[in-house]
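> Here's a sequence, model it:
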Amino acid sequence: MKEQFEVIVIGAGHAGCEAALAASKMGLQTLLFTLNFNNIAFMPCNPSLGGPAKGHLVREIDALGGAMGRVIDRTYLQMRLLNTQKGPAVWAIRAQADKLLYQLEMRRELEKQPNLIIRQAEVDEILVDANGKVNGVTTRTGLKFLAPAVILATGTFLNGRIFMGKLNYSSGPMGFLPAIGLSQSLSRLGLKLRRFKTGTPARVRRRSLDFNKMTPQPGGYLEHGFSFWEPWQVRPEHLCWLTYTRPETHRIIMEHLHEAALFSGEITGVGPRYCPSIEGKLIQFPDKDRHQVFIEPEGADTDEMYLAGLSTSLPESIQELFLRTVPGLENLEIVRPGYAIEYDYLPGDQLKQSLETKQIPGLYTAGQINGSSGYEEAAAQGLLAGINAALNLQGKAPLVLKRSEAYMGVLIDDLVTKESEEPYRIMTSRAEFRLTLRSDNADERLTPFGIQIGLIDKDQKQTFESKYERINTLQRLFEKTSLNPDAKVRQIFIEQGLTIPKNKFTIADILKRPEIGPDFLTKLLPELEFIESDAKEISTRYKYQGYLEKEREQAKRLLNLENKTIPEDLNYDLVTNLAHEAREKLVKFRPGTLGQASRISGVNPADLTALLFHLENLKESQ
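Reported below is the predicted structural model:
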């Protein structure tokens, strides 16, 4: 049996869902494979989305035309705006998800999408033609499906292995089937695979917990969610709770540390530094006598609760012992034990910026198979892999976002140019242009790309254009409207405890002051009509004006390097004055531009100068 498609996506996690939706929306006949139909958009770890940098990614996914932001806005249990004591550049939304409802809503998005077919099957072989280009897949049952583009979005399923103490067995997360044959197929094709690990804590029954011994963690009032496109609907709020480990907790864990798979030598893969197991925390921070534990609901219609902060690879019996020492958990009932999971991934030196593999044309990868961690990072990669697979088949150039354009650009550039020894996590500190890459202006930065490639529909396009027409008109009004500090104006400033301007001023002038926001304008000019969110956007522009100009200049300088391309087949042995380490790294990563080359560890400014000189000589000789 053979069936012909244009794009095949393997894996229906967060990366696979976005990839399949993007390709099918762009008009390509797309087939999405999942190991289990009930596993679509599953959250095997923390039932939440967003937070610092990750929340920026969700808004960027939405601005470009992806689904994650819209789906979480329809299914959240609680939302909070984080980092409000800092500047708008690091403000971030975090949502607690009703994970079952999230899955159902994402599945609806997939099932109603034209050009998209979902099929439950295990893919165990990638097919390539005589020229080494991908041309389809074979399932475990022997069926063959053909396509000129295949996207691997396998999450932690690729040769997955579960660990609890000395017990370990082949498995995907939460007991789902692993993808074993696929790993072997990739190895046969010459792709290098390495091992990473991650973990998850136990789930417990809500009715067995004593919340009187915990601190409630409510959400907060938000003017909008993640999506730029759908009307904001406030949903019933569900509390999260905070408790702490105790010295007795630590004593039990340390006494049984030799039984933890992470420390007994059973696990060879490296885990995420920024999300360590409770065993790892005790080793890294031996002086701390307690660690935070957040008790989070997994859904509105389930009694299951998630213990954030207590990921572990200890035996199930030991888990119960130490968990019962945490205040509020003394009588807990474990629904599912915690575990560590080890899985295969592809080091990023095998990928282009488009997320196409260098070795096998037409084969794309997205998500944890690329060495990243997190639902948001996976969804961002899936969206861009789907877009670029479609653009390639349409004979168009790939969409490669710059580091100055999006956190998605930072994410993918880091994955393909840096040698990561641990699962990669996006953070605001990784972004050189984070004042430009705010979550509030993600649509301004990325929606034009979405319109151009066809992921933004007519209504969304109209919403976007109307919004920025209003904002630009209002900004011009602020720059033209001037006031004298007469008695009335002076009194308003005094009442608000603000310094009175000495001379005539415009609205734009006073909005540059950090202590003045749009709410002050309603007192100063009550007759002025505007949408507060529009005024906030303008206010942020003014307050960051100087810094944003510096970032724009820095981005221009970086663009000069990004515009200097390096031939894919460049012989680095002919580049004189290259350091030995730089030559090795350049051969390994094969950067596409001087900008990429500059971000590879081991390549210093002298090496870049030698490379630039060589490229200029090549150009002159042609």
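> Phi, psi for Ile334 please.
Ile334 has phi and psi values of phi -80, psi 130 when expressed as degrees, to the nearest 10.
> ok, it - how many residues close by?
Here the count is done by other CB atoms under 10 Å, and Ile334 has 17 residues near it. From N, CA and C alone the C-beta is placed, and that goes for glycine too.
> right, and Thr499 touches Phe493 too?
Yes: judged on CB atoms under 8 Å, Thr499 makes contact with Phe493 at a distance of 7.1 Å.
> So the two - more neighbours on which side?
Set Thr499 next to Phe493 and count neighbours by other CB under 10 Å: Phe493 wins out with 18 against 10.
> gap between that one and Thr540?
22 Å (CB to CB, to the nearest Å).
> Pull up the gap between the most centrally placed residue in the chain and Gly13, please.
Computing the C-alpha centroid of the chain and ranking residues by CA atoms, centre = their mean puts Glu377 first, at 2.4 Å. Glu377 is 12 Å from Gly13, where distance means CB to CB.
> Tell me the residues that contact both of the two, please.
Common neighbours of Glu377 and Gly13 (criterion: CB atoms under 8 Å, 6 or more residues apart in numbering): Gly367.
> Flag the shaky bits of this structure, pLDDT-wise.
Applying pLDDT under 70 to the chain flags residues 1-2.
> measure the residue of it most remote from its centre to Tyr407 for me?
Of all residues in the chain, Ala487 has its C-alpha farthest from the mean position, at 52.0 Å, by CA atoms, centre = their mean. Ala487 sits 48 Å away from Tyr407, going by CB to CB.
> which parts of the lengthiest helix in the chain are buried?
If you go by DSSP state H, the chain has its longest helix at helix 458-480. Under the neighbour-count criterion of 16 or more other CB atoms under 10 Å, helix 458-480 has Gln460, Thr463, Phe464, Lys467, Ile471, Leu474, Gln475, Phe478 buried.
> cool, stretch 207-214 as well?
For stretch 207-214, a neighbour-count test (16+ other CB under 10 Å) marks Ser208, Leu209, Met214 as buried.
> Quick one: these as CSV, columns for secondary structure too.
Formatted as CSV, the buried residues of stretch 207-214 follow (DSSP: H, G, I helix; E, B strand; the rest coil):
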residue, secondary structure
Ser208, helix
Leu209, coil
Met214, coil
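> now, which of the residues you listed sits nearest Met43?
Closest approach to Met43 among the buried residues of stretch 207-214 (CB to CB): Leu209, at 20.6 Å.
> Setting the sequence-adjacent residues aside, check what's closest to that closest one.
Leaving aside its chain neighbours, Leu209 sits nearest to Gly328 (5.5 Å; criterion: CB to CB, 6 or more residues apart in numbering).
> can you tell me how far Val293 sits from Tyr221?
With distances taken as CB to CB, Val293 is found 26 Å from Tyr221.
> the more surrounded of those two?
Set Val293 next to Tyr221 and count neighbours by other CB under 10 Å: Val293 wins out with 23 against 8.
> all strands for the stretch 301-450 of the chain, in order.
For the stretch 301-450 of the chain, strands defined by DSSP state E, counting those that start in this stretch occupy the ranges 304-308, 334-336, 339-345, 363-365.
> can you list those strands in JSON lines and add distance to Asn115?
What follows is the strands of the stretch 301-450 of the chain, written out as JSON lines (distance: least, CB to CB, whole Å):
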{"stretch": "strand 304-308", "distance to Asn115": "36"}
{"stretch": "strand 334-336", "distance to Asn115": "37"}
{"stretch": "strand 339-345", "distance to Asn115": "30"}
{"stretch": "strand 363-365", "distance to Asn115": "18"}
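> out of those, which comes closest to Ile126?
Nearest of the strands of the stretch 301-450 of the chain (CB to CB): strand 363-365, 6.6 Å.
> contact partners of the closest one?
Outside strand 363-365, the residues touching it (CB under 8 Å, 6+ apart) are 19, 126, 134, 149-153, 346, 351, 354-357, 381, 385, 388-389.
> Can I get the buried part of these as one ChimeraX selection?
Remark: buried members of the contacts of strand 363-365, expressed as a ChimeraX selection using 16+ other CB under 10 Å:
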select :19,126,134,149,150,151,152,153,346,351,354,355,356,357,381,385,388,389
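> Give me the subset of the contacts of strand 363-365 lying in helices.
Among the contacts of strand 363-365, the residues falling in helices (DSSP H) are Ala19, Gln381, Ala385, Asn388, Ala389.
> among those, which two are most distant?
Across the ones in helices among the contacts of strand 363-365, the longest distance by CB to CB is 12.1 Å; it joins Gln381 and Ala389.
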